[in-house]
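>>> Test case, fold it:
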Amino acid sequence: MTKLGVNIDHSATLRQARYRGLEAESGIIVEPNIIDVALAAERGGADSITAHLREDRRHMQDSDIFELRKKIATKLNLEMACNPEILDIALKIKPDYVCLVPENRMEITTEGGLDAASELEKISYYVGKLTEVGTQCSVFIDPDASQIEAAAAAGAQMVELHTGAYANAWGNPDKIKAELSRISAAATRAAELGLTVNSGHGINYANVSRLLEAANFNELNIGHTIISRSLLCGIENAVREMKELLVKYGCF
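Numbers count the residues shown, from 1 in each chain. Now for the predicted structure:
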């Protein structure tokens with residue numbers, strides 16, 4: 001069965017909207033509490049917790065990642081750019097997984113996959129350093145054969161296929177069909193190379209079923225839709241509802 005990784009970044013976005021710079025001051029109740037969110041996600045059935053420590057610290061803070069590593073019972077998946085400062089933190093924390101992602105200071109959220117083919121040497125270095133401390137490495141890439149082959153050449157154990165183009169095609173049947181075909185071919189190629197295949201970005205309660213029917217995935221990393229849904233029904237229920245869809249449609 002396909003596992004569910006819950007990305008809790010946007011709970012930190014909500015916190016930072018009110019409490020940026022105040023987290024360390026005594027006597028202030030800072031909410032939402034990121035650890036409480038992660039633990040609720042686990043109670044709802046999350047198989048791992050994903051958090052992106054960005055260079056500009058726009059949502060997750062260093063202390064969040066250290067606390068998550070200590071407090072959660074499932075796996076910690078740290079998303080990070082190929083940045084020396086973030087690498088030093090990752091090597092101290094030793095997360096279960098690291099997913100190397102691109103970063104653009106002007107973007108609201110990650111807009112595309114990492115160009116592994118053109119940054120092979122750099123990615124190989126980061127994968128090597130993280131692998132040395134026992135962290136499994138994934139590369140967040142577009143569903144393209146050349147990028148998958150580059151990720152494998154860099155020594156990554158996993159790839160996470162960027163599903164944003166599929167999500168953005170909603171309402172366009174021809175485009176959806178084309179993107180699903182592209183994702184299916186990419187997942188097949190990755191499996192042929194011995195890579196574990198995950199996917200993420202833009203996956204929601206409406207589009208997850210067709211994605212799961214298109215290819216076999218080890219894990220889907222899903223955030224925004226779960227955090228949004230939780231405003232109506234709570235984190236546990238929002239995660240549980242998504243988990244039920246993965247049980248229903250996931251075939252890995």
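
>>> those helices in the protein, which residues are they?
Residue ranges of the helices in the chain, as given by DSSP state H, are 9-19, 34-43, 62-71, 84-93, 120-132, 145-153, 164-168, 173-192, 208-214, 224-233, 235-249.

>>> want to try CSV for those, with distance to Pro102, mean neighbour count and mean pLDDT as columns?
Glycine gets a C-beta too; all of them are placed from N, C-alpha and C. Putting those into CSV (distance: least, Cβ to Cβ, whole Å; neighbours: other Cβ atoms under 10 Å; pLDDT from 0 to 100) gives the following:
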stretch, distance to Pro102, mean neighbour count, mean pLDDT
helix 9-19, 15, 18, 93
helix 34-43, 24, 21, 98
helix 62-71, 19, 16, 97
helix 84-93, 13, 15, 98
helix 120-132, 11, 17, 97
helix 145-153, 12, 21, 96
helix 164-168, 12, 19, 96
helix 173-192, 17, 17, 98
helix 208-214, 22, 19, 96
helix 224-233, 18, 17, 97
helix 235-249, 25, 18, 97
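
>>> Mind putting those into TSV with distance to Val101?
As requested, the helices of the chain are exported to TSV (distance: least, Cβ to Cβ, whole Å):
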stretch	distance to Val101
helix 9-19	11
helix 34-43	19
helix 62-71	15
helix 84-93	11
helix 120-132	11
helix 145-153	12
helix 164-168	12
helix 173-192	17
helix 208-214	19
helix 224-233	15
helix 235-249	21
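
>>> is it true that Asn216 touches Ala187?
Yes - in this structure, Asn216 is within contact of Ala187 by Cβ atoms under 8 Å, at 6.5 Å.
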